[in-house]
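Enquirer: Kindly return the folded structure for what I paste below:
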Amino acid sequence: MATLPEDKVIITVATTGGVARTKERNTNVPEQPADIARAAYECWKEGASILHIHARDKNGIPTGDPKVYSEIHSKIRELGCDIIIQDTTGTGPQVPVEDRILCLQADPKPEMASLDMGTMVRNSGPYKGTYTIRYGDTLEDWAGKMKEAGVKPSMEVFNPGNLREVRNLIEKGLVDKPYYVEFVLGHKYHGGIDATPKHLMWFIDDLPEPQDTLWSVLATGKAQFPITTIGMILGGAIRVGFEDSLFYRRGEPAESNAQLVARAVRFAQELGKQPATPDETRRILGLKLLKA
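Expert: You can find the predicted model right below:
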C-alpha cells in the first residue's frame, strides 16, 4: 500500500462547506473571498497543507463561478501562503451540474479538485429529495478534464460502491499515480456510511491499486475528531474544518478553522508525527512545486 512517511501527516482543511454551513449556525464560517483567504492563511500557519474551497456569491450562496474562485486563489497567494488549493466540484443544489466543474477555469487554477464518486440523494434538510449527479460518464468526463488541466482529483468515497468508480477511472487511465482517495464518513445528509472504525477499515481494505493509492479520511459532526485521530494512527491523511463540523466539542462552537487544525496537529505530534508542509505534500502527491 502507498503510505505516508511514518513521521508525517497530510492535513486538509475544509473551511466553508456547502449550503448547510451558514453564519446562522456558526458566525465564524468564512464566506467571502477575503475571509476564506484569511482562514486559509491561519490554517496554513497551524500546519494545514491542503485547502478545500467552497466558493460563495455576494449573498453567501454556493457558486461555481470561476471568477469567484480566481479571486479566492489570488487573495491566498497575495498573503504569501503556499497552501495547496483544492476546489470543490460538489458546490450545492443551487448550482447547475455543468457549472460545478468551472473551477478548473480559475486563474490561478487549482492544484487539486474534489470528485464525488457516485450519485447521492439528499435525504434531509431543506433540499431533501434533490440529487448530486455523479454517474460513470460524468465521472469519466470530469476526471478527463482534470487530467487535461493538470489538476489532481481527490476521489471522494461515501459508500463502498463508490470504490467501483474509483477502480474504473484507474483502469481507464483517467487519473495519475499516486491516486488520492478521501473517505467521507458519517455524511447522513447524503446517505453516507456511518462514521465508525469498522467502516474505515472496510474502505482501507478494499482500496483499488493499494500499492499506488494514498488515502485520507474525514468524518462529520462529533465523529470528526475521533475518526481523524484513528486515521492518523493507521497512517492516513486527514481532513478537518467547518465543512465537516462547526463544533470544537459538544455544545461549544469552534472559534475558527485554525482551532480545529491546531488540535489535529497536537494529537499528531503526540503520535510522533509532524504536519507535512505544502511542498512536502506536493512531492508526496506528485504535484508540481510552486515557483518561487
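
Enquirer: mind listing the strands for the stretch 51-200 of the chain?
Expert: All strands of the stretch 51-200 of the chain, identified by DSSP state E, counting those that start in this stretch, fall at 84-87, 112-116, 120-121, 131-132, 152-157, 179-185.

Enquirer: Reformat these as TSV; add mean pLDDT, distance to residue 96 and mean neighbour count.
Expert: Placement of C-beta: from N, CA and C, glycine included. Output for the strands of the stretch 51-200 of the chain, formatted as TSV (pLDDT from 0 to 100; distance: least, C-beta to C-beta, whole Å; neighbours: other C-beta atoms under 10 Å):
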stretch	mean pLDDT	distance to residue 96	mean neighbour count
strand 84-87	98	16	26
strand 112-116	97	16	25
strand 120-121	71	17	18
strand 131-132	69	12	16
strand 152-157	97	20	25
strand 179-185	98	23	26
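
Enquirer: looking at those, which is closest to residue 106?
Expert: strand 84-87 (7.1 Å; C-beta to C-beta).

Enquirer: Can you check the pLDDT for residue 22?
Expert: On pLDDT, residue 22 comes in at 77.

Enquirer: check contacts around it.
Expert: 29, 60 (C-beta atoms under 8 Å, 6 or more residues apart in numbering).

Enquirer: so which strand or helix has it?
Expert: Under the criterion DSSP states H and E, no helix or strand holds residue 22.

Enquirer: Give me the neighbour count for the nearest residue to residue 61 once chain neighbours are set aside.
Expert: Distances taken as C-beta to C-beta, 6 or more residues apart in numbering place residue 94 nearest to residue 61, at 5.8 Å, with adjacent residues excluded. Around residue 94 there are 15 other residues, counting by other C-beta atoms under 10 Å.

Enquirer: With residue 24 instead?
Expert: Residues lying near residue 24 (other C-beta under 10 Å) number 8.

Enquirer: Could you look up the SS state of it?
Expert: Here residue 24 takes the coil state, with states given by DSSP: H, G, I helix; E, B strand; the rest coil.

Enquirer: How much space separates it from residue 35?
Expert: Per C-beta to C-beta, to the nearest Å, residue 24 is found 16 Å from residue 35.

Enquirer: hang on, residue 232 packs against residue 9?
Expert: Yes: checked against C-beta atoms under 8 Å, the pair residue 232 and residue 9 is within contact range at 5.3 Å.

Enquirer: neighbour count winner among the two?
Expert: A count of neighbours by other C-beta under 10 Å puts residue 9 above the other of residue 232 and residue 9, at 28 against 21.

Enquirer: If I look at that one, what pLDDT would I see?
Expert: Looking at residue 9, its pLDDT reads 98.

Enquirer: For residue 222, give me phi and psi.
Expert: Dihedral pair for residue 222: phi -70, psi -20, per degrees, to the nearest 10.

Enquirer: wouldn't it be in contact with residue 247 here?
Expert: Yes: because the distance of 7.4 Å satisfies C-beta under 8 Å, residue 222 is recorded as touching residue 247.

Enquirer: between these two, which one's more packed in?
Expert: residue 247 (17 against 14).

Enquirer: What residues does the more buried one make contact with?
Expert: For residue 247, the contact set (C-beta under 8 Å, 6+ apart) comprises 221, 222, 253, 254.

Enquirer: mind listing what's buried in stretch 43-62?
Expert: Burial within stretch 43-62, assessed by neighbour count using 16 or more other C-beta atoms under 10 Å, is assigned to 43-44, 46-56, 60, 62.

Enquirer: same check, this time on stretch 142-162
Expert: Within stretch 142-162, the residues scored as buried using 16+ other C-beta under 10 Å are 142-143, 145-147, 151-159, 162.

Enquirer: For it, C-alpha coordinates in PDB please.
Expert: C-alpha atoms of stretch 142-162 as PDB (Å, rounded to 0.1, in the frame of the first residue of the first chain):
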ATOM      1  CA  TRP A 142     -14.700  15.300 -15.300                       C
ATOM      2  CA  ALA A 143     -11.700  13.200 -14.500                       C
ATOM      3  CA  GLY A 144     -10.500  13.700 -18.100                       C
ATOM      4  CA  LYS A 145     -11.000  17.400 -17.800                       C
ATOM      5  CA  MET A 146      -9.000  17.500 -14.600                       C
ATOM      6  CA  LYS A 147      -6.200  15.400 -16.100                       C
ATOM      7  CA  GLU A 148      -6.000  17.700 -19.100                       C
ATOM      8  CA  ALA A 149      -5.800  20.700 -16.800                       C
ATOM      9  CA  GLY A 150      -3.100  19.200 -14.700                       C
ATOM     10  CA  VAL A 151      -5.500  19.200 -11.600                       C
ATOM     11  CA  LYS A 152      -5.300  16.100  -9.300                       C
ATOM     12  CA  PRO A 153      -8.700  14.700  -8.300                       C
ATOM     13  CA  SER A 154      -9.400  13.900  -4.700                       C
ATOM     14  CA  MET A 155     -11.800  11.000  -5.200                       C
ATOM     15  CA  GLU A 156     -14.400  11.300  -2.500                       C
ATOM     16  CA  VAL A 157     -15.900   7.900  -1.400                       C
ATOM     17  CA  PHE A 158     -19.100   8.000   0.700                       C
ATOM     18  CA  ASN A 159     -20.100   4.300   0.400                       C
ATOM     19  CA  PRO A 160     -18.300   1.000  -0.600                       C
ATOM     20  CA  GLY A 161     -19.900   1.000  -4.000                       C
ATOM     21  CA  ASN A 162     -18.100   4.300  -4.800                       C
END
